[in-house]
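Trainee: Model the following, please.
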Amino acid sequence: RCESSLRGGPDRSACVCELQEAMAEEEAKASSGSENLAATSDMDLLEFALKEAFSKYDNDGSGNIDAAEFKNLLADMGEPNDDATVEAAMKRLDTDNSGLIEWSEFKLWWSE
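Mentor: The predicted structure follows:
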């Protein structure tokens with residue numbers, strides 16, 4: 001379960017284990033030959049897992065996560081997802097003030 005930080009939004013550190021598990025699963029698939037995975041390093045696997053997570057919440061396939069989609073992400077993380085929390089977190093993550101979280105912003109959030 002991830003914990004919230006009012007100033008920083010959801011804390012990703014507690015959720016890194018989920019990404020590591022996804023990476024381990026993809027590594028196992030790749031080594032067993034059951035799936036052709038182009039990732040060749042831990043960084044490739046991490047980026048792959050992040051893209052998978054991003055795509056999971058980009059429900060409409062727009063390449064962005066809107067407030068409603070982000071609200072679902074927070075709920076799945078076990079975080080508060082009331083309107084005020086979502087709005088505050090969106091403002092923090094949405095560095096270009098588009099009202100959407102683009103892939104680059106999502107990736108930056110996880111790399112902090």
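Trainee: The helix or strand hosting A49: which residues count as buried?
Mentor: According to DSSP states H and E, A49 maps onto helix 42-57. Under the neighbour-count criterion of 16 or more other C-beta atoms under 10 Å, helix 42-57 has 45-46, 48-50, 53-54, 57 buried. For glycine as for every other residue, the C-beta is placed from the backbone atoms N, C-alpha and C.
Trainee: Can you list the helices and strands that that helix packs against?
Mentor: On a contact count with 3 or more C-beta pairs under 8 Å, 6 or more residues apart in numbering; DSSP states H and E, helix 42-57 meets helix 16-32, helix 67-76, helix 103-111.
Trainee: mind giving me CSV with the buried residues of helix 42-57 and columns for distance to A88 and pLDDT?
Mentor: CSV is the format used below for the buried residues of helix 42-57 (distance: C-beta to C-beta, whole Å; pLDDT from 0 to 100):
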residue, distance to A88, pLDDT
L45, 31, 82
L46, 27, 82
F48, 29, 87
A49, 26, 87
L50, 22, 88
A53, 21, 89
F54, 20, 92
Y57, 18, 93
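Trainee: pull the helix or strand with minimum mean pLDDT from this structure.
Mentor: Least confident helix or strand of the chain, by mean pLDDT, DSSP states H and E, is strand 4-5 with a mean of 42.
Trainee: how about low-confidence regions in this structure?
Mentor: Applying pLDDT under 70 to the chain flags residues 1-40.
Trainee: switch to 90 and redo it
Mentor: Applying pLDDT under 90 to the chain flags the ranges 1-50, 53, 77, 109-112.
Trainee: returning to that earlier point: contacting residues around the next helix-or-strand element following the helix holding A49?
Mentor: Helices and strands here follow DSSP H and E; after helix 42-57, the next one along the chain is strand 64-65. For strand 64-65, the external contacting residues (C-beta atoms under 8 Å, 6 or more residues apart in numbering) are 54, 57-58, 73, 98, 100-103, 106.
Trainee: ok so, going back, between the buried residues of helix 42-57, which is closest to M90?
Mentor: Using C-beta to C-beta, Y57 comes nearest to M90 of those, at 12.8 Å.
Trainee: For that closest one, give its distance to D42.
Mentor: According to C-beta to C-beta, to the nearest Å, Y57 and D42 sit 23 Å apart.
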